[in-house]
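1. what follows is a protein structure lacking sequence information:
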């Protein structure tokens, strides 16, 4: 269909600036893996010469990529900007901004996790876990060792790793990405929770021992192909955990993107 003059006049055409084109070119190289984590871009002078652009244009392109977390520029350094691969942590930070601006509560965040992980357990139990159970059992053995050495803070970090590994065992990249984003936000709240509600050493140790028994049980049920039992167990585990994390008014707190 041909556009009338009124239609044409109402549609603005965005012509990319040279800095945007340069940023697109570098971004594409990072995403395709031509540039990877820790690589250095050529020095500014070489980039300006090879791309035929001015210093202000190059620095504007750098500002775009820096804001996206794809490079870091050390002012005054003689080496080029450092390259960073896209990360879940960066996306979850931005997601935190969005959720916080919407007034999303901590209870809402944990309900989202409850919607994902029981479905993951059903998937794994139906397939009897495939080769993923070996990795989960190795992780649980490591967590047992950490508890035996009384490394409580390390154990908490590994709890998040266990949840991540459980979802990643499906091999579904989109689901794993979404889950990791939620877990990153939840772990930020949990660190703050521990500061606001400190527990005795014995209470923490007891809770962690109970937790790891629950992790062993869900892996056993998955391996046995006991689908409904595995799903019911993990749903109860998450429901109880959510009740703890949202107790004492914590559930009504708004997701915090800028601190714990």
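-> Structure's in. What do you need? Not measured: the values here are computed from a predicted model.
2. can you map out the helices along the chain?
-> 5-10, 18-31, 44-51, 55-67, 88-101, 106-126, 132-148, 152-168, 173-196, 201-223, 227-245 (DSSP state H).
3. those: lowest mean pLDDT?
-> In terms of average pLDDT, helix 5-10 trails the rest of these, at a mean of 56.
4. what domains does the record give for the chain?
-> 9-83, 89-252 (automatic domain parsing).
5. now do the end-to-end distance for the longest one.
-> Read it as domain 89-252. 24 Å (Cα to Cα, to the nearest Å).
6. next one: it to chain centre, how far?
-> On the basis of Cα atoms, centre = their mean, to the nearest Å, domain 89-252 sits 13 Å off its chain's mean C-alpha point.
7. neighbours of residue 176, how many?
-> Using other Cβ atoms under 10 Å, residue 176 is surrounded by 19 other residues. Using the backbone N, CA and C atoms, a C-beta is placed for each residue, glycine as well.
8. please disregard the earlier target; I meant residue 154.
-> For residue 154, the neighbour count with other Cβ under 10 Å is 14.
9. one more: the one 10 residues further on?
-> The burial count assigned to residue 164 is 17, neighbours taken as other Cβ under 10 Å.
10. state the distance from it to residue 178.
-> 11 Å (Cβ to Cβ, to the nearest Å).
11. do residue 69 as well
-> For residue 69 relative to residue 178 (Cβ to Cβ), the value is 19 Å.
12. give me the nearest residue to residue 150, chain neighbours excluded.
-> In space, and not counting its chain neighbours, residue 150 is closest to residue 205: 7.5 Å by Cβ to Cβ, 6 or more residues apart in numbering.
13. residues contacting the one you found?
-> Contacts of residue 205 were listed using Cβ atoms under 8 Å, 6 or more residues apart in numbering, and they are 147, 150, 152.
14. surely residue 177 meets residue 89?
-> No. Taking Cβ atoms under 8 Å as the definition, residue 177 is not a contact partner of residue 89, at 11.7 Å.
15. who has more neighbours, those two?
-> Using other Cβ under 10 Å as the criterion, residue 177 and residue 89 rank with residue 177 on top: 14 against 11.
16. and that one, how far is that from residue 238?
-> Taking Cβ to Cβ, one finds residue 177 at 20 Å from residue 238.
17. likewise for residue 245?
-> Computed as Cβ to Cβ, the residue 245 to residue 238 distance reads 10 Å.
18. who touches both of those two?
-> Contact criterion Cβ under 8 Å, 6+ apart; residues shared by residue 245 and residue 238: residue 110.
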